[in-house]
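Participant: here's a sequence, model it:
(one chain, ligands or ions: 2)
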Amino acid sequence: MLTIALPKGRIAEETLAIFSQLFGEGFEFESRKLILETGGFRFLNVRNQDVPTYVEYGAADLGVVGLDVITEKQLDIVDLLDLGLGRCKVAIGIPDDQELDWSRPDIRVATKMVNIAKNYFASKAVGVEVIKLYGSIELAPLVGLADAIVDIVETGTTMRENGLKVAEDIMDSSAHLIANKNSFYAKKEEILDLYGKIKAVIDSKSA
Ligand SMILES: Nc1ncnc2c1ncn2[C@@H]1O[C@H](COP(=O)(O)OP(=O)(O)OP(=O)(O)O)[C@@H](O)[C@H]1O
Ligand SMILES: O=P(O)(O)OC[C@H]1O[C@H](OP(=O)(O)OP(=O)(O)O)[C@H](O)[C@@H]1O
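Facilitator: Ligands and ions are numbered 1, 2, ... in the order given. Take a look at the predicted model:
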């Protein structure tokens, strides 16, 4: 039996919509239940940020999670398929009325995504101090905590309404289907069978 970790939160609805097409309209977790068994599969209801952890440790064979999270956590998993939902960007934001001089020695960048930020600036040979925050990232430059942010931009509304602009895009993100490495070898046929069915749903949507 395959175990699949599905994310709560922002990408839950679109993810469940894909699985509903495969397992029927009633495909949903009962109110507080964290496990759903149907059609010979077991589904786990976990937080987006926790999906790769369940998959990396093999508590789930498969999972659905944003590419931003996969990249940030630098986990050793198999990236199987871009599901094309939960699209957004990871970008650098700065105040509207400023241009950043990246050669300044004391630039501070606030972000939830410390590894993505560090790796991006390192790849540009720009030295910055990265400050970890857990939310409301756009606030940091407004109150002098940081000069810039690295954050998710979807519609751009949050940056715009807080007087920030995108200085540079770092990466595009969308939800991906991922697999545990050992499961991928041990349960390859089952995984590829489900992969094919999910891919058919996605292809039919984009056709
Ligand atoms: N406006 C957005 N803000 C945040 N994430 C977005 C946005 N648009 C799309 N996404 C995608 O949706 C995913 C899920 O976001 P969500 O806010 O549900 O969870 P999270 O905050 O990453 O995790 P958790 O709920 O575990 O703390 C993100 O990883 C990202 O890939
Ligand atoms: O471009 P937009 O459509 O405005 O979306 C981007 C915003 O959404 C996310 O925050 P979230 O709502 O998850 O709140 P948080 O700040 O508590 O993480 C993200 O961190 C941005 O702040």
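
Participant: where does pLDDT dip in this protein?
Facilitator: By pLDDT under 70, the chain contains no weakly predicted segment.

Participant: residues of it that sit close to ligand 1?
Facilitator: By the rule CB under 6 Å from any ligand atom, the part of the chain lying against ligand 1 is 9-11, 47-49, 66, 68-69, 86, 88, 152, 154, 173. No exception for glycine: its C-beta is placed from N, CA and C like everyone else's.

Participant: make it 8 Å
Facilitator: Neighbours of ligand 1 within the chain, by CB under 8 Å from any ligand atom: 7-12, 47-50, 65-69, 86-88, 112, 135, 152-155, 158, 173-175.

Participant: quick one, which of these are buried?
Facilitator: With burial judged by 16 or more other CB atoms under 10 Å, the buried subset of the residues of the chain next to ligand 1 is 7, 10-12, 48, 50, 65-69, 86, 88, 112, 152-153, 158, 173, 175.

Participant: could you please name the strands the strand ranked longest in the chain pairs with and the direction of each pair?
Facilitator: When the chain is parsed with DSSP state E, its longest strand is strand 164-173. Partners of strand 164-173 in the sheet, by DSSP bridges, are strand 88-95 (antiparallel).

Participant: the partner strand and ligand 2 in contact?
Facilitator: Yes. Judged by CB under 8 Å from any ligand atom, strand 88-95 and ligand 2 are in contact via C88.

Participant: for the next helix or strand after that strand, the distance to its chain's centre please.
Facilitator: Sequence-wise, the next helix or strand downstream of strand 88-95 (DSSP states H and E) is strand 108-111. Strand 108-111 sits 19 Å away from the centroid of its parent chain (CA atoms, centre = their mean, to the nearest Å).

Participant: what is whichever helix or strand comes after strand 108-111 packed up against?
Facilitator: Note on strand 108-111: by DSSP H and E, the next helix or strand toward the C-terminus is helix 114-123. Applying 3 or more CB pairs under 8 Å, 6 or more residues apart in numbering; DSSP states H and E, one finds that helix 114-123 contacts helix 67-73, strand 108-111, strand 129-132, strand 148-153, strand 164-173.

Participant: and the last one, how far out from the chain middle?
Facilitator: Spelled out, it's strand 164-173. Centre-to-centre, strand 164-173 and its host chain are 15 Å apart (CA atoms, centre = their mean).

Participant: anything in the helix or strand following that strand near ligand 2?
Facilitator: Later in the chain than strand 164-173, the nearest helix or strand by DSSP H and E is strand 175-179. No. Counting by CB under 8 Å from any ligand atom, ligand 2 has no neighbours in strand 175-179; the shortest distance is 14.8 Å.

Participant: buried ones in the next helix or strand after strand 175-179?
Facilitator: Under the assignment DSSP H and E, the closest C-terminal helix or strand after strand 175-179 is helix 181-186. For helix 181-186, burial by neighbour count (16+ other CB under 10 Å) applies to 183-184.

Participant: cool, and stretch 121-133?
Facilitator: 121, 128, 130-131, 133.
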